[in-house]
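Asks: Coordinates for the following, if possible.
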Amino acid sequence: MRTPRWLLATVGAAAAVALAACSTTPAGRQASGGSSAAPGALTPVTLQLQWFTQGQFAGYLAAIDQGFYKAKGLDVTIKEGGVDIVPQTVLAQGQADYAIAWVPKALASREQGAAITDVAQIFQRSGTRQVAFANKGITAPAQFAGRKVGNWGFGNEFELFAGMTKAGLKPADVTLVQQQFDMQALLSGEIDAAQAMSYNEYAQVLEATNPATGQLYKPEDFSVVDWNSDGTAMLQDAIWASTDKLSDPAYQDQTTRFVAASIQGWAYCRDNVASCRDIVVKAGSKLGASHQLWQVNEVNKLIWPSPAAGAGTIDPAAWAQTVGVARTAVNADGQTVLTRDPDAEAYTNDYVTRALALLKTDGVDVVGAGYQPETVTLNPGGN
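Replies: Sure, this is the predicted structure:
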């Protein structure tokens, strides 16, 4: 089987690490968890994000801003991601202590030899959507037949192909279009259905002006296919740790504290959406303030309410569905994400269970059973 493009990206990851200009690691400080701290001092920890600074990562930024990491004895540096950075590879190469990565992509890297373990499943639901203008009559995967369907590729496309397969469609039944990481092709009419994240690209169409009215587009102008409802969703943002270092009691303890503070950051963002928007903007996001408010609000929907056991818990059924799609969904190149089931060390609930116990002792609501999202008004261009 040919090596997929989204795995070939890992080949250049070592160079990408060296080019991670957005890293804020102080000079002379080790990025890996092997550095030792004096008694009573904060332990330096580096987290690698999978994309640029935005509301998708608000909980980690909030944990720094609100002092949650410091309260757990950690001095956390966040390394921004980017187009050429593969976070799970950065972690596997020892250039970060933890990484945020989608489960199928990280499992593909693990199958190729990256010793990484999912220690907290932050996003409990998929944020991937397929968006079309409502007048196209596309409300289900079966209606992609004969249409121009955009997708980003690079491992982001497998929910789409799983949904098409479930609907009885083959790749040849649609015209597949390599989509840029925006919605311009949809808005211009070049494609009929576009890939979008609920917290990012979907907002972009609602921030655009409808030429027929001179006003911003409204949700009713579009139809949205949600892979969660279709039953082909895959788990996305998770906290990954070094499998090898998890044999070290000090790293085990550090992992528990890191996961606890991270979840506390997300609980803060659940209850303080506008504050977390401000934290993200202050951290250097290039996106507008209303767009970031939308992002934090929509990301909260992927986390809360969490399983009864608490946020970050890895649901075996959701994991099994993700693995099933990764093993059976075939993209236009005839490739699957995985060629075999991941081994038993690919994920563990041990650390998140301990982390949740710490948070419950501190009185933190780790389930959010009564969670209600806010209503966000988007401004033109997301400003």
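
Asks: Please count neighbours and contacts with C-alpha atoms only from this point.
Replies: Noted.

Asks: Was I right to think Q195 contacts T128?
Replies: Yes - using CA atoms under 8 Å, Q195 is in contact with T128, at 7.2 Å.

Asks: Could you check which of these two is surrounded by more residues?
Replies: Comparing Q195 with T128 by other CA atoms under 10 Å, the one with more neighbours is Q195, at 28 against 25.

Asks: what about the more buried one, which helix or strand?
Replies: strand 193-197 (DSSP states H and E).

Asks: Just the residues contacting that strand, thanks.
Replies: The contact list for strand 193-197 (CA atoms under 8 Å, 6 or more residues apart in numbering) reads 127-133, 138, 144, 147-152, 179, 182-183, 185-186, 202.

Asks: Inside helices: which ones of those?
Replies: 185-186, 202 (DSSP state H).

Asks: Can you redo those as a markdown table, where the extra columns are pLDDT, distance to G334 and neighbour count?
Replies: A markdown table is the format used below for these (pLDDT from 0 to 100; distance: CA to CA, whole Å; neighbours: other CA atoms under 10 Å):
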| residue | pLDDT | distance to G334 | neighbour count |
| --- | --- | --- | --- |
| A185 | 98 | 25 | 18 |
| L186 | 98 | 26 | 21 |
| Y202 | 98 | 28 | 22 |
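
Asks: picking up where we left off before, if you count neighbours, what's buried in the strand holding Q195?
Replies: 193-197 (16 or more other CA atoms under 10 Å).

Asks: From the contact counts, what lies against the helix or strand that contains D118?
Replies: Using DSSP H and E, the element containing D118 is strand 116-120. Strand 116-120 sits against helix 87-92, helix 103-111, strand 237-242, helix 350-361, with contacts defined as 3 or more CA pairs under 8 Å, 6 or more residues apart in numbering; DSSP states H and E.

Asks: Of these, which is nearest Q56?
Replies: strand 237-242 (8.9 Å; CA to CA).

Asks: Apart from its chain neighbours, what residue comes closest to the spatially most central residue of the chain?
Replies: By CA atoms, centre = their mean, the chain has its centre lying nearest to D237, at 3.3 Å. Nearest residue to D237, sequence neighbours excluded (CA to CA, 6 or more residues apart in numbering): W102, at 4.7 Å.

Asks: how much space between the one you found and F258?
Replies: W102 sits 19 Å away from F258, going by CA to CA, to the nearest Å.

Asks: what's the angle from whichever strand or helix holds W319 to helix 103-111?
Replies: According to DSSP H and E, W319 maps onto helix 316-328. Relative orientation of helix 316-328 and helix 103-111, computed by axes from the mean of the first three to the mean of the last three CA atoms, to 10 degrees: 70 degrees.

Asks: what pLDDT, on average, does helix 316-328 get?
Replies: In this model, helix 316-328 has a mean pLDDT of 97.

Asks: Please enumerate residues in contact with it?
Replies: By CA under 8 Å, 6+ apart, helix 316-328 touches 103-104, 158-159, 162, 232-235, 336-342.

Asks: Counting neighbours, which bits of it end up buried?
Replies: Along helix 316-328, these residues count as buried under the neighbour rule (16+ other CA under 10 Å): 319, 321-328.

Asks: And stretch 89-109, by the same measure?
Replies: 89-93, 95-109.

Asks: which residues in the stretch 1-150 of the chain form strands?
Replies: Here the stretch 1-150 of the chain has its strands, by DSSP state E, counting those that start in this stretch, at 43-48, 74-79, 98-102, 116-120, 128-133, 148-151.

Asks: Could you dump the helices and strands packed on strand 116-120 into JSON lines and include mean pLDDT?
Replies: Formatted as JSON lines, the helices and strands packed on strand 116-120 follow (pLDDT from 0 to 100):
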{"stretch": "helix 87-92", "mean pLDDT": "98"}
{"stretch": "helix 103-111", "mean pLDDT": "97"}
{"stretch": "strand 237-242", "mean pLDDT": "98"}
{"stretch": "helix 350-361", "mean pLDDT": "98"}
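
Asks: With distance to R270 as extra columns, can I get these in JSON lines?
Replies: Compiled in JSON lines, the helices and strands packed on strand 116-120 are given as follows (distance: least, CA to CA, whole Å):
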{"stretch": "helix 87-92", "distance to R270": "25"}
{"stretch": "helix 103-111", "distance to R270": "23"}
{"stretch": "strand 237-242", "distance to R270": "16"}
{"stretch": "helix 350-361", "distance to R270": "15"}
